[in-house]
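Engineer: Would you be able to build a 3D model of this:
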Amino acid sequence: MTAFMLPLGVIGPQQLILIVIIVLILFGGKKIPELMGGLGKGIKEFKKATQEETEENTEQEQKKEEN
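Structural biologist: Residues are numbered from 1 along each chain as shown. This is a model prediction of the structure:
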């Protein structure tokens, strides 16, 4: 497993396991899927919004080129 570099140091596999255990203790096994589902929906909405913004910019550029 590769280590992740952070400004404060390196996070290795042991630290990641510890973080996962702490998250499980804090939120419980039933709450985590709900949290991840919400995170997934947020990511989908963000991607959709950026894609729509890109399409709008492309359309505006095409209109400017036509004029």
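Engineer: Where do the helices of this protein begin and end?
Structural biologist: Ranges of helices within the chain are 13-66, based on DSSP state H.
Engineer: Look at the most centrally placed residue in it and report its pLDDT.
Structural biologist: Geometric centre of the chain, nearest residue: Ile43, 5.8 Å, by Cα atoms, centre = their mean. In this model, Ile43 is scored at 93, pLDDT.
Engineer: Repeat that for Ala3.
Structural biologist: 59.
Engineer: Repeat that for the one 10 residues further on.
Structural biologist: If you check Pro13, the pLDDT there is 86.
Engineer: Can we start the residue count at 11 from this point?
Structural biologist: Understood, numbering begins at 11; the last thing we discussed is Pro23.
Engineer: quick revisit: please tell me how far the residue nearest to the centre of the chain sits from Ile32.
Structural biologist: 23 Å (Cβ to Cβ, to the nearest Å). Where you see a C-beta, it was placed from the backbone N, CA and C, and this is true even at glycine.
Engineer: And for Glu65?
Structural biologist: Distance of Glu65 to Ile32, given as Cβ to Cβ: 42 Å.
Engineer: Tell me, how many residues neighbour Lys41?
Structural biologist: Residues within reach of Lys41, counting by other Cβ atoms under 10 Å, total 12.
Engineer: State the distance from it to Ile31.
Structural biologist: Counting by Cβ to Cβ, the gap from Lys41 to Ile31 is 15 Å.
Engineer: same deal with Asn67?
Structural biologist: The value you get for Asn67 to Ile31, if Cβ to Cβ is used, is 45 Å.
Engineer: and if you look at Glu44?
Structural biologist: 19 Å.
Engineer: And for Lys73?
Structural biologist: Using Cβ to Cβ, Lys73 is found at 55 Å from Ile31.
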